[in-house]
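Asker: Pasting a predicted model and its sequence here:
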Amino acid sequence: MASMMSLARRRAGGLLRPETMRHAAVFCRGFAAAADENDVVVIGGGPGGYVAAIKAAQMGLKTTCIEKRGTLGGTCLNVGCIPSKALLHSSHMYHEAKHAFPSHGVKFSQLEIDLPAMMAQKDKAVSGLTRGIEGLFKKNKVNYVKGFGKFVSPSEVSVDTDEGGNTVVKAKNIIIATGSDVKSLPGITIDEKKIVSSTGALSLSEVPKKLVVIGAGYIGLEMGSVWGRLGSEVTVVEFAPDIVPSMDGEVRKQFQRMLEKQKMKFMLKTKVVGIDASGDVVKLTVEPAAGGEQSTLEADVVLVSAGRIPYTAGLGLDTIGVQTDKAGRIPVDKHFMTNVSGVYAIGDVIPGPMLAHKAEEDGVACVEFIAGKVGHVDYDMVPGVVYTHPEVASVGKTEEQVKALGVAYRVGKFPFMANSRAKAIDDAEGLVKILAEKETDKILGVHIMAPNAGELIHEAVLALQYGASSEDIARTCHAHPTMSEAVKEAAMATYDKPIHM
Ligand SMILES: Cc1cc2nc3c(=O)[nH]c(=O)nc-3n(C[C@H](O)[C@H](O)[C@H](O)COP(=O)(O)OP(=O)(O)OC[C@H]3O[C@@H](n4cnc5c(N)ncnc54)[C@H](O)[C@@H]3O)c2cc1C
Ligand SMILES: NC(=O)c1ccc[n+]([C@@H]2O[C@H](COP(=O)([O-])OP(=O)(O)OC[C@H]3O[C@@H](n4cnc5c(N)ncnc54)[C@H](O)[C@@H]3O)[C@@H](O)[C@H]2O)c1
């Protein structure tokens, strides 16, 4: 079967690439650190930076991590993945209690939202996890410097410490892991009260009656879902013709219908051309993206979620000559090295998907190269998940991408309406869609819309990683009754016929 062959191929060739070995010999600056010198300094303590620091220390390298925020975990733990998922879960519980419990025979006389308690639960999750990373730093002997880091030379970082002092940290190898920041839009000033970024949207003090979201990407749909479930009227204004433009077209259409059923309104191919926040309500002037008649929208709160930009402000990249591209990202080679020898970059600050798990993979691979070992990240194998309800998860190519490649392919689909577990729990919206190469049956892409698609996708990630065929999945025993059986049935539908449809 394809999976066994590909595993053998990887073992034989994949991990001992000659160019990788050359890199280890030529670029690595060595590890005989002087007493005041580190082998590795990481600037930024987000998922890219803290993981790189822990991995480096575990590999026996003397390591320091510099973080300006006061807490570790970066955007993801402090104002991103974790608080948003906490609120998504809490708001989902409220929504279920209101709309789904009665049909399951669970009744109660009064249901209300205690927003401060919801926020406190979110904050507890964040602080527990960020403190946990400090604990991991101690356990692994990573030196943690709290302050703002700035290059003074390719091997020295000056840190303005949180206590008000300054120290210079020296290293043979420096990793830039400074992440990303909110992209603002021309003419729109984010005040984090009435006009908010994702950070403000995670801490609103009351449920806005009307919420306008600018941008139908990950943040817009997740945070729009949170406040929509808690009672806001949500209108999403999107410049592009589609929501989440990177998603498989067929899955996206079903996804949009689901969100519309949840009363989220979409204004696609629309741009915001003016915004007036001077009164009690915010007035937005919008017009078709191609130009045309203007109209006005009113909102209590406007969420600006039109993307994020790499964060390198004040880092002193010019001082040492590190180049950035037009989008402000730092280009790196296969070993995560910038154009300056010994200076590396990982995570949101470099090209590639802006995702926490991708940043972590970058961090590990980068450190492995620095240590003279081998590292590898394949961005085609990075899964993406939108944590709405249902969730939408994908890995590999969309049908549009496969078509554009001109590859002959087969599609296998299986709806959760025909999955026994989904029916048992009365949560059966969504599908599994598998794309496989016609000639070899090798899986090219998997797209899942389901309540727990973010968990289900990993079977597909492993399959793609090991070059599996749809038959490999179909012939693998899946427990019953599980949502995962829908993945098996979609795999059957790809090369043959499903049983339960
Ligand atoms: C609302 C929201 C929800 C998200 N949800 C998800 C999700 O569910 N799943 C997912 O995969 N991704 C999610 N993301 C994206 C994810 O947060 C990022 O991809 C990830 O945090 C990138 O990690 P990083 O280490 O590259 O950068 P960051 O996490 O941004 O960390 C960089 C750190 O560097 C520090 N820093 C910057 N400059 C300096 C300096 N000069 N000196 C010292 N420190 C410095 C910053 O303070 C920051 O803490 C979300 C993002 C947002 C905004
Ligand atoms: N679940 C997750 O993994 C998760 C959750 C949140 C954020 N993130 C990451 O954070 C990053 C930022 O999220 P995001 O949602 O801000 O960006 P995004 O790139 O996902 O979506 C931005 C959207 O805004 C639209 N847009 C851009 N300019 C616009 C304008 N002027 N008017 C109207 N629409 C406009 C774009 O077409 C796009 O659809 C993403 O790249 C994502 O990787 C991931």
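Answerer: Looks like it came in fine. Owing to the predicted nature of the structure, the values given are computational and were not obtained by experimental measurement. Ligands and ions are numbered 1, 2, ... in the order given.
Asker: And stretch 238-246, how far out from the chain middle?
Answerer: Chain-centre distance of stretch 238-246: 17 Å, with CA atoms, centre = their mean, to the nearest Å.
Asker: touching ligand 1 at all, that stretch?
Answerer: No: Stretch 238-246 lies apart from ligand 1 when judged by CB under 6 Å from any ligand atom; the minimum separation is 13.5 Å. For every residue, glycine as well, the C-beta is placed using N, CA and C.
Asker: Which residues does that stretch contact?
Answerer: With CB atoms under 8 Å, 6 or more residues apart in numbering as the test, stretch 238-246 has contacts from 215-218, 220-221, 236, 249, 252, 255-256, 259, 266-271, 289, 306, 384, 386, 392, 398.
Asker: hmm, 7 Å instead?
Answerer: Residues lying outside stretch 238-246 but in contact with it, judged by CB atoms under 7 Å, 6 or more residues apart in numbering, are 215-217, 221, 252, 256, 266-271, 289, 386.
Asker: ok, which of those also contact ligand 2?
Answerer: Of the contacts of stretch 238-246, the ones that also sit near ligand 2 (CB under 6 Å from any ligand atom) are G215, A216, G217, K271, V386.
Asker: would you list these in CSV and tack on neighbour count, secondary structure and distance to L136?
Answerer: As requested, these are exported to CSV (neighbours: other CB atoms under 10 Å; DSSP: H, G, I helix; E, B strand; the rest coil; distance: CB to CB, whole Å):
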residue, neighbour count, secondary structure, distance to L136
G215, 23, coil, 34
A216, 26, coil, 36
G217, 20, coil, 31
K271, 17, strand, 44
V386, 23, strand, 29
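Asker: farthest-separated two in those?
Answerer: Farthest-apart pair in these is K271 and V386; separation 22.7 Å (CB to CB).
Asker: Tell me the residues of this structure that contact ligand 2?
Answerer: Applying CB under 6 Å from any ligand atom, one finds that the chain approaches ligand 2 through 185, 214-220, 222, 237-240, 245, 271-272, 305-308, 353-355, 385-387.
Asker: Name the nearest of the contacts of stretch 238-246 relative to ligand 1.
Answerer: V386 (8.7 Å; CB to the nearest ligand atom).
Asker: For the nearest residue to that closest one once chain neighbours are set aside, grab the count of nearby residues.
Answerer: Nearest residue to V386 in three dimensions, chain neighbours excluded: V392, at 4.6 Å (CB to CB, 6 or more residues apart in numbering). One way to gauge burial is a neighbour count; for V392, by other CB atoms under 10 Å, it gives 26.
Asker: Quick check: the gap between K403 and M449.
Answerer: For K403, the distance to M449 (CB to CB, to the nearest Å) stands at 20 Å.
Asker: all helices of the stretch 401-501 of the chain, in order?
Answerer: If you assign secondary structure with DSSP state H, counting those that start in this stretch, the helices in the stretch 401-501 of the chain sit at 420-424, 453-465, 470-474, 485-495.
Asker: out of those, which comes closest to L202?
Answerer: Going by CB to CB, the one of those nearest L202 is helix 453-465, 19.1 Å.
Asker: How far away from the center of its chain is that closest one?
Answerer: A distance of 15 Å separates the C-alpha centroid of helix 453-465 from that of its chain, computed with CA atoms, centre = their mean.
Asker: Touching that helix from outside, list them.
Answerer: Contacts of helix 453-465 (CB under 7 Å, 6+ apart): 381, 383, 385, 387, 390-393, 395-396, 443, 446, 448, 450, 472-473, 483-484, 487.
Asker: Which of those residues fall within strands?
Answerer: Helix and strand membership here follows DSSP state E; of the contacts of helix 453-465, those in strands are V385, E391, V392, A393, V395, G396, I443, V446, I448, A450.
Asker: Can you name the two of those that sit furthest apart?
Answerer: Taking CB to CB as the measure, the ones in strands among the contacts of helix 453-465 reach their widest spread between E391 and I443, a distance of 20.1 Å.
Asker: Would you tell me what the next helix or strand after the least confident helix or strand in the chain by mean pLDDT is?
Answerer: Scoring the helices and strands of the chain by mean pLDDT, DSSP states H and E places helix 18-26 at the bottom, with a mean of 39. The element immediately downstream of helix 18-26 (helix or strand, assigned by DSSP states H and E) is strand 37-43.
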